[in-house]
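Sequence plus the predicted model coming up.
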Amino acid sequence: MCHRAEAIRRRRGQAGFSARRGAPDPSRDERQSILPFGPIPGAALPKVLLEAAAQRELLRETFDYWFQRTPAMLHSIDSEGRIIQVSDAWLAKFGYSREEVIGQFSSDFLAPESRADAVERILPEFFRSGHCENVVYQMVCKDGRILDVLLSAVLDPGDEQKNCSSLAVISDVTESRAALRRLRESESHYRLLAEYSTDIVFQLDRTMTRRYVSPASMEILGYAPEELINERSASITHPEDAERCAPLFKSLLAGTSERLTFICRVRHRDGRWIWVELQCRAPTDHPGGLPEYIFGSMRDISLRKSYEDQLAQASRRLETLAAEDFLTGLANRRIFDEALSREFRRASRERTPLALLMIDVDRFKEFNDRHGHPEGDACLRLVARTLEGAIKRPGDLSARYGGEEFAVLLPNTDEFGAYVVAERVRAAVRELGIENGVGEIITISAGVAATPLDHSGEGPHILLRDADRALYRAKDGGRNLVVRSSVIATASATEALSAA
């Protein structure tokens, strides 16, 4: 700037403004043009005034120089609103040359709506007050593009309100305003979705306080949004569910979970509890940061939950029907076969005994033929109930094996222990006193078998075979008997020795 000022001084000196270089004094007319307040009659113009005038001219030229070259977009208008100065940055931004701009009304470069606002409101108020701040205009570039600008200006009124000028600073805010418009449109769009959603849309802060609740709360919960906002989220949650859901919300706020879906019960305004499904998400502004809010939706699933409960109950019922014998209520053959295979493997692995009772109702066919099927079914149900009552341990299993035949599986039981159980069942059935119509009462026969402690290499069919053989030995022995498999084996060995 010093070099620029020195160059201006040299030019001014050559034009006759430096008394120190011996230049002639200016004429009367020149003095009138230099002095802002006119000539001084009858007095010589002091040298200091000449230098002041030169300094003023130097400052103006310096100002003009930097005005044009500043990186800021500047322009200056006169009292008529015509542009008298403009910066190079202004021209570069809008694509005009200086000749196309100087002398034109500043409003000529505005879009129609902005031009009308400038002429009717902004400029009159500017010339009255002497300033304007952050006025938003749309300016038209030479190539037809329209840019959003922010303008602030001050007015220099000049001498006696004549030859006034202004300094206006312009900023291009096209991108920022476009981003703001997109943000507002996005906010409006999502608010519209929230306001008209049939689900409750909500926002929680880090203290689990509601900061927003959509109008659907009135339909789902009976509460207006303003009744729920600024309340803790647990205020209407069932106590049992609140304790269960608290760690889930904490994981969202800790950043360990980004989104979660879970169900819980909340209290309706009328006091009843309804089931709702919550879908929550806790986004962060930057990687590694903690979320400031939890955003979520709440949907009434009471009807769905009722259907699910009914379906689950029906499913359990079907499972029960699939596992039970429809007549007696005992386990059916399929369940018995699965249990026998499972318990046999466990007994082999743990080297523990496993016992099996095979039970048959004596002369049941004759009873059924004489009294009919309804009476026969009733008889089987009584025997099954008696059998179930004689089984004391939770791990024991009684099943209807087929027809009038029953089976009892006794884990961790040896043959003698199983024999005791079989005798208890035989005695209990006899005590029922069910008459068979020929002067006798219904009895049962039973065969007992048990695995040895070391029965590796054998299969469950061996146990089933031995118990079945013992049962038929009881039948052949006159019925109403319990026969152990080991007794048969001993008798067979004795007979073999005698024959030898």
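Cool, got the structure.

Ala467: what secondary structure?
On the three-state scheme (DSSP: H, G, I helix; E, B strand; the rest coil), Ala467 is labelled helix.

check contacts around it.
Taking Cβ atoms under 8 Å, 6 or more residues apart in numbering as the criterion, Ala467 is in contact with Leu356, Leu357, Met358, Ala407, Gly447, Val448, Ala449, Ser485. All C-beta spots, glycine's among them, are computed from the backbone N, C-alpha and C.

Repeat that for Arg479.
Applying Cβ under 8 Å, 6+ apart to Arg479 gives the contacts Asp362, Arg363, Thr443, Ser445.

7 Å - rerun?
Residues in contact with Arg479 (Cβ atoms under 7 Å, 6 or more residues apart in numbering) are Asp362, Thr443, Ser445.

Now the buried members of the contacts of Ala467.
Buried members of the contacts of Ala467, counted by 16 or more other Cβ atoms under 10 Å: Leu356, Leu357, Met358, Ala407, Gly447, Val448, Ala449, Ser485.

now, which of these lie within strands?
Among these, the members falling in strands are Leu356, Leu357, Met358, Ala407, Gly447, Val448, Ala449 (criterion: DSSP state E).

so where's the stretch 1-150 of the chain uncertain?
Within the stretch 1-150 of the chain, the segments meeting pLDDT under 70 span 1-49, 52-53, 59-60, 63.

how does it look with 90?
Across the stretch 1-150 of the chain, the ranges flagged by pLDDT under 90 are 1-72, 79, 85.

one step back: okay if I get the contacts of Arg479 as CSV plus distance to Leu340, secondary structure and neighbour count?
Formatted as CSV, the contacts of Arg479 follow (distance: Cβ to Cβ, whole Å; DSSP: H, G, I helix; E, B strand; the rest coil; neighbours: other Cβ atoms under 10 Å):
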residue, distance to Leu340, secondary structure, neighbour count
Asp362, 24, coil, 21
Thr443, 26, coil, 18
Ser445, 21, strand, 25
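
what distance separates stretch 271-279 from the centre of its chain?
Its chain's C-alpha centre and that of stretch 271-279 lie 17 Å apart, by Cα atoms, centre = their mean, to the nearest Å.

quick revisit: so which of the ones in strands among the buried ones among the contacts of Ala467 is the closest to Pro283?
Of all those, Pro283 sits closest to Ala407, with 61.5 Å by Cβ to Cβ.

ok, and the closest non-adjacent residue to the closest one?
Of all residues not flanking Ala407 in the chain, Tyr401 sits nearest, at 4.4 Å (Cβ to Cβ, 6 or more residues apart in numbering).

Next up, the contacts around that neighbour.
Tyr401 neighbours (Cβ under 7 Å, 6+ apart): Arg333, Phe336, Ala407.

Need the per-residue pLDDT for the first one.
Here, the pLDDT recorded for Arg333 equals 93.

And the strands in the stretch 201-350 of the chain?
Ranges of strands within the stretch 201-350 of the chain are 210-213, 259-267, 273-281, 294-300, based on DSSP state E, counting those that start in this stretch.

The first one pairs with which strands, and in what direction?
On the basis of DSSP bridges, the sheet neighbours of strand 210-213 come out as strand 200-204 (antiparallel).

related to what we said a few turns ago, just flag the most distant two among the contacts of Ala467.
Comparing all pairs in those by Cβ to Cβ, the longest separation belongs to Ala407 and Ser485, at 14.2 Å.

List the buried residues for stretch 416-429?
Result for stretch 416-429 [16+ other Cβ under 10 Å]: buried residues Ala418, Tyr419, Val421, Ala422, Arg424, Val425, Arg426, Ala428, Val429.

mind listing which of the residues you listed are in helices?
Residues of those located in helices (DSSP state H): Ala418, Tyr419, Val421, Ala422, Arg424, Val425, Arg426, Ala428, Val429.

Need those residues in JSON lines (columns: distance to Asp205 and pLDDT).
Compiled in JSON lines, these are given as follows (distance: Cβ to Cβ, whole Å; pLDDT from 0 to 100):
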{"residue": "Ala418", "distance to Asp205": "68", "pLDDT": "94"}
{"residue": "Tyr419", "distance to Asp205": "72", "pLDDT": "95"}
{"residue": "Val421", "distance to Asp205": "66", "pLDDT": "95"}
{"residue": "Ala422", "distance to Asp205": "70", "pLDDT": "95"}
{"residue": "Arg424", "distance to Asp205": "68", "pLDDT": "94"}
{"residue": "Val425", "distance to Asp205": "68", "pLDDT": "95"}
{"residue": "Arg426", "distance to Asp205": "74", "pLDDT": "95"}
{"residue": "Ala428", "distance to Asp205": "69", "pLDDT": "94"}
{"residue": "Val429", "distance to Asp205": "71", "pLDDT": "94"}
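
Format these as a markdown table; extra columns: distance to Arg465.
Below are those laid out as a markdown table (distance: Cβ to Cβ, whole Å):
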| residue | distance to Arg465 |
| --- | --- |
| Ala418 | 16 |
| Tyr419 | 18 |
| Val421 | 20 |
| Ala422 | 17 |
| Arg424 | 24 |
| Val425 | 21 |
| Arg426 | 22 |
| Ala428 | 27 |
| Val429 | 25 |
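
Looking at these, which one is closest to Leu463?
When these are compared for distance to Leu463 (Cβ to Cβ), Ala418 comes out closest, at 10.9 Å.

Name the nearest residue to the closest one, ignoring sequence neighbours.
Distances taken as Cβ to Cβ, 6+ apart put Ala355 closest to Ala418, at 3.4 Å, once the chain neighbours are dropped.

Roughly how far does the one you found sit from Arg346?
Separation of Ala355 from Arg346 (Cβ to Cβ, to the nearest Å) stands at 14 Å.

Tell me which of those two has more neighbours.
More crowded of Ala355 and Arg346, by other Cβ atoms under 10 Å: Ala355, with 27 against 13.

in the sheet, who's paired with that one?
Counting by DSSP bridges, Ala355 is bridged to Leu410, Ala450.

you'd agree it is up against Leu410?
Yes: counting by Cβ atoms under 7 Å, Leu410 is a contact partner of Ala355 at 4.2 Å.

phi, psi of Gly402?
Dihedral pair for Gly402: phi 160, psi 140, per degrees, to the nearest 10.

Kindly state the pLDDT recorded for it?
pLDDT for Gly402: 91.

For it, grab the count of nearby residues.
For Gly402, the neighbour count with other Cβ under 10 Å is 12.

again, but for the one 10 residues further on
For Asn412, the neighbour count with other Cβ under 10 Å is 16.

How about the one 3 residues further on?
Close neighbours of Glu415, defined as other Cβ under 10 Å, add up to 22.

How is this protein divided into domains?
Following automatic domain parsing, one finds the domains of the chain at 1-67, 70-182, 197-305, 324-499.

Can I get those in a markdown table including distance to Gln313?
A markdown table is the format used below for those (distance: least, Cβ to Cβ, whole Å):
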| stretch | distance to Gln313 |
| --- | --- |
| domain 1-67 | 87 |
| domain 70-182 | 52 |
| domain 197-305 | 12 |
| domain 324-499 | 16 |
